[in-house]
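Q: Mind looking at a prediction? Sequence and model below.
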Amino acid sequence: MINLKNILSIAVATVVLTSAVFAAKPENPGSNGKAYGHLSKEDRMAAIIAAKNAKVRPVTKAYMYPSDTSSASDARYDYDEDAWGMLLVKHKKDVVKFHGHNLAANKEYTLKYDGAEIGKATSNDEGNLKITGSFTVSWEDYDVKKFTLSAGGEKDLESRLIGLRGAENED
């Protein structure tokens, strides 16, 4: 009977201690993404905002236009006629993907970041172009506006963080 009591008390103690370990609150709320339940609504929102602000954006999306176009919010841009491009910068892998449209046909273009070459490619018969390249940059000093696309030393496109308004995509 004494052996049965010892075994039973050990089993109860194990269950109590195990549940206490799993119920422990994390020191850094939100570190596992599900640890907000024990916080008040205000603290929970503050922890969620802090976690979002601390997170590095995995992708930056930017558009490239000719340098003589306006960046004003009411500017119009003819996406069907004039040259433009879109950049995707994947921060985790330091990869840049560029898709250009309405460029000069069958011409070699160079994509650069702050003067350093990222990649080269030749546009097709329709003036479309794809360049994929990698680059190393200190993310504290990163500025998406430092991307340029050039052909033969002449700057054709420069990047902007937001797109210009067009007739088909008014906000």
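A: In hand now; what should we look at? Numbering: from 1, shown residues only.
Q: All the strands of the chain, in order from the start?
A: Here the chain has its strands, by DSSP state E, at 59-65, 84-90, 95-101, 108-113, 116-122, 129-134, 147-151, 154-160.
Q: Buried ones in the fifth one, by neighbour count?
A: Along strand 116-122, these residues count as buried under the neighbour rule (16 or more other Cβ atoms under 10 Å): 118-119, 121. (C-beta placed from N, C-alpha, C; glycine too.)
Q: which of the strands of the chain has the lowest average pLDDT?
A: Per-stretch mean pLDDT for the strands of the chain is lowest at strand 154-160 (a mean of 75).
Q: in that one, what counts as buried?
A: Under the neighbour-count rule (16+ other Cβ under 10 Å), strand 154-160 has 156-160 buried.
Q: which strands and helices sit next to it?
A: Counting contacts by 3 or more Cβ pairs under 8 Å, 6 or more residues apart in numbering; DSSP states H and E, strand 154-160 is packed against strand 59-65, strand 84-90, strand 147-151.
Q: 6 Å instead, please
A: strand 59-65, strand 147-151 (3 or more Cβ pairs under 6 Å, 6 or more residues apart in numbering; DSSP states H and E).
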